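Engineer: Whatever this is, show me its structure:
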Amino acid sequence: DLPAGAGLLAGGVLLLFNALAAGAGLPGAVVFRPALLAVAGLLAVVYLRACARPESATSWRAALRSAAYDSVRGPRASAVLLLAVATAAVCAWAYPPLLFLIPGPLAIAARATEHHL
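Structural biologist: Numbers count the residues shown, from 1 in each chain. Purely as a prediction, here's the structure:
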């Protein structure tokens, strides 16, 4: 769990750094911001699906591999999970104390999409 958490934290810091660079006048920021947002959303979907996989208890690599495969194989479930991530982001932006409550509904949404498969 420690390497997966460290990887998630490092990826989040990298995405935040890139978002700050785009906001500081990066050339091509008009194209870069939506691309960065799309990549962040897709990574969130894959990580959430990996957390909901039974393999995550034994091997994060296997869980990430199968989650990425299932994200491509089941685009409707991935779209539903992406909408859940977007809704959670808007809720956290609109009312910051909800940030502490958001992981629960996201975990339920991830498990529901995995159970649907």
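Engineer: Could you say which helix or strand holds the residue nearest the centre of the chain?
Structural biologist: Centroid check for the chain by Cα atoms, centre = their mean gives Ala44 as the closest residue, at 0.8 Å. Applying DSSP states H and E as the criterion places Ala44 in helix 29-52.
Engineer: Hey, what's the angle from the following helix or strand past that helix to helix 29-52? Just curious.
Structural biologist: The C-terminal neighbour of helix 29-52 among helices and strands, as given by DSSP H and E, is helix 60-73. Angle of helix 60-73 versus helix 29-52, following axes from the mean of the first three to the mean of the last three Cα atoms, to 10 degrees, is 120 degrees.
Engineer: Could you list every helix and strand in contact with helix 60-73?
Structural biologist: helix 29-52, helix 75-94 (3 or more Cβ pairs under 8 Å, 6 or more residues apart in numbering; DSSP states H and E). Quick note: C-beta positions are derived from backbone N, CA and C, even for glycine.
Engineer: Which stretch among the ones you listed is buried most, on average?
Structural biologist: When you average the neighbours per residue for each of these (mean count of other Cβ atoms under 10 Å), helix 29-52 leads with a mean of 17.
Engineer: pLDDT weak spots in the chain?
Structural biologist: The chain contains residues with pLDDT under 70 at 1, 4, 116-117.
Engineer: Three-state assignment for Pro27, please.
Structural biologist: coil (DSSP: H, G, I helix; E, B strand; the rest coil).
Engineer: For it, grab the count of nearby residues.
Structural biologist: Residues near Pro27, counting by other Cβ atoms under 10 Å, number 8.
Engineer: With Gly104 instead?
Structural biologist: Gly104: 9 surrounding residues under other Cβ under 10 Å.
Engineer: Pull the distance from the strand or helix carrying it to the chain's centre.
Structural biologist: Gly104 belongs to helix 103-116 when assigned by DSSP H and E. Computed by Cα atoms, centre = their mean, to the nearest Å, the chain-centroid distance of helix 103-116 equals 12 Å.
Engineer: show me the contacts for the nearest residue to Ser78 once chain neighbours are set aside.
Structural biologist: Setting aside the residues directly before and after it, Ser78 is nearest to Ser71 in space (Cβ to Cβ, 6 or more residues apart in numbering), at 4.7 Å. Going by Cβ atoms under 8 Å, 6 or more residues apart in numbering, Ser71 touches Leu42, Val45, Val46, Arg49, Ser78.
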